[in-house]
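Novice: quick one, what's the 3D model for this:
(one chain, ligands or ions: 1)
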Amino acid sequence: MISDVAAPAQTFAEIVVDDIVRDSISAALREFPDPVDDIDRSLACLRMIFAQLPVDQAQTILDFGRHVDTPGVALVRNLPVDPSLPDTPVDGEPSRTKKTFVAETVLLGLSQMLGEPVGFTTEKSGRLIHDVVPVSAGATSQTNQSSHVFLNFHNDIVHDSVGRYDVSNPDFLVLNCVRQDRNKEAVTHYADARDITRELDPSVVETLRSPLFRLNAPGSYIRDVAGGGEVLSDPVAVISGPVDCPEIAISANGVRGLDDVATEALAQLQAACRAVAHQVKLEPGTALLINNRKGLHARSQFFAQHDGQDRWLQRTYIRRSLWTIRYRGTGFDRRVH
Ligand SMILES: [Fe+2]
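Specialist: Now for the predicted structure:
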């Protein structure tokens, strides 16, 4: 039977790498030097290595990066892992004792299939590879350092002096799991704006589509640059764009509604996200591709002891093009803005 109502778009994808392909890629990556020492050379080499993926899987990842109607989140499983691991860093800085770069090169190899890895000076000192680990001082914060709290649904945004934090932000992020939390309780959530808007009452969506919201700058910016005070964006809509392919923007560090109706809409948005979210437990050998415009992500609370055996993810930020953020160029590194 032919229906005149279009089926909802698929918003989650899963790709399982074959053992033979994994082992072949792994053999090449175990010898790889630190990829950020000569990043563009490394990316060229990784493009060759990841060409071993079967065409169907490669196209799924490439389409994830380039089309508006593809899923907002994709789980890639059975990826190569490092033969041995040092302790999880406790300070959010890169490990100084990691001997191989399998996790880093898996992360970059997948990332460049979506676009260009990019660093922002206000996030992790502009590094291209972010180590996301629980940090004692940030345990209850709404930042990537947290562990003891539910990290609310948000996307990763970047403070920008133009007054908008949803413009120069990454188009994608990729999370690669280096070490799972010891109790295997950390869950990553992803709520696609297409699913969110179907879940919400139309009047709430209309409010969220109005410029009644000010995004707070990321916690790292507030902490490291702004002396702890709020740095709010210009008033923006939280949801924008066509009904069948909306964009959504929520900052982890708080969004201020300009009136009571807007504030209530934000509460309903978080509830809708919980209702529709895809949920995954990341473990070594799995990576999550996240579209940072199609949906919002969140993380459950989990137990952390800050003893070297905690959860350890590595993360990249990705832009489809570096051209449109050239106004943020630093002059000393063409991938850092
Ligand atoms: Fe995030």
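Novice: quick check: which ranges of the stretch 51-200 of the chain have low pLDDT?
Specialist: Low-confidence segments of the stretch 51-200 of the chain (pLDDT under 70): none present.
Novice: excluding chain neighbours, what is closest to residue 287?
Specialist: Counting by Cβ to Cβ, 6 or more residues apart in numbering, residue 287 lies nearest to residue 176, which is 4.3 Å off, once chain neighbours are set aside. In this view, the C-beta of every residue, glycine as well, is placed from N, C-alpha and C.
Novice: so that neighbour: helix, strand or coil?
Specialist: Taken by DSSP: H, G, I helix; E, B strand; the rest coil, the conformation at residue 176 corresponds to strand.
Novice: contact partners for residue 103?
Specialist: With contacts defined as Cβ atoms under 8 Å, 6 or more residues apart in numbering, the neighbours of residue 103 are 81, 82, 176, 178, 314.
Novice: okay, and the beta partners of the most centrally placed residue in the chain?
Specialist: Nearest to the centroid of the C-alpha atoms of the chain, with distances taken as Cα atoms, centre = their mean, sits residue 173, at 3.4 Å. When bridges are called by DSSP bridges, residue 173 pairs up with residue 290, residue 317.
Novice: let me know whether it touches residue 292 as I believe.
Specialist: Yes - with the criterion set as Cβ atoms under 8 Å, residue 173 and residue 292 qualify as a contacting pair; they are 5.7 Å apart.
Novice: now the contacts of residue 103 in CSV, with neighbour count and distance to residue 219?
Specialist: Below are the contacts of residue 103 laid out as CSV (neighbours: other Cβ atoms under 10 Å; distance: Cβ to Cβ, whole Å):
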residue, neighbour count, distance to residue 219
81, 22, 30
82, 21, 29
176, 30, 22
178, 25, 22
314, 21, 19
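Novice: ok, so of these, who is nearest residue 168?
Specialist: Comparing those against residue 168 with Cβ to Cβ picks out residue 314 as the nearest, at 22.2 Å.
Novice: show me what the helix or strand harbouring the closest one is packed up against.
Specialist: Here residue 314 sits within strand 312-319, counting by DSSP states H and E. Packing contacts for strand 312-319, counted by 3 or more Cβ pairs under 8 Å, 6 or more residues apart in numbering; DSSP states H and E, involve helix 102-111, strand 116-118, strand 130-132, strand 172-179.
Novice: nearest to residue 43, of the ones you listed?
Specialist: Ranking the helices and strands packed on strand 312-319 by proximity to residue 43 (Cβ to Cβ) places helix 102-111 first, at 6.4 Å.
Novice: so how far is the closest one from its chain's centroid?
Specialist: 14 Å (Cα atoms, centre = their mean, to the nearest Å).
Novice: got the angle for that helix vs strand 172-179?
Specialist: Relative orientation of helix 102-111 with respect to strand 172-179: 160 degrees, computed using axes from the mean of the first three to the mean of the last three Cα atoms, to 10 degrees.
Novice: residue 52: neighbour count?
Specialist: Residue neighbour count, defined by other Cβ atoms under 10 Å, stands at 15 for residue 52.
Novice: which parts of the protein are helices?
Specialist: Secondary structure of the chain, counting by DSSP state H: helices at 19-29, 39-50, 55-66, 102-111, 193-199, 202-208, 219-224, 260-276.
Novice: and those helices: which comes nearest residue 333?
Specialist: Among the helices of the chain, helix 39-50 comes nearest to residue 333, with 8.8 Å by Cβ to Cβ.
Novice: and the angle for the closest one with helix 19-29?
Specialist: For helix 39-50 and helix 19-29, the angle between their directions (the same axes, to 10 degrees) works out to 150 degrees.
Novice: if you count neighbours, what's buried in helix 39-50?
Specialist: For helix 39-50, a neighbour-count test (16 or more other Cβ atoms under 10 Å) marks 39, 42, 43, 45, 46, 49, 50 as buried.
Novice: how about stretch 247-263?
Specialist: 247, 248, 249, 250, 251, 252, 253, 254, 255, 256, 257, 262.
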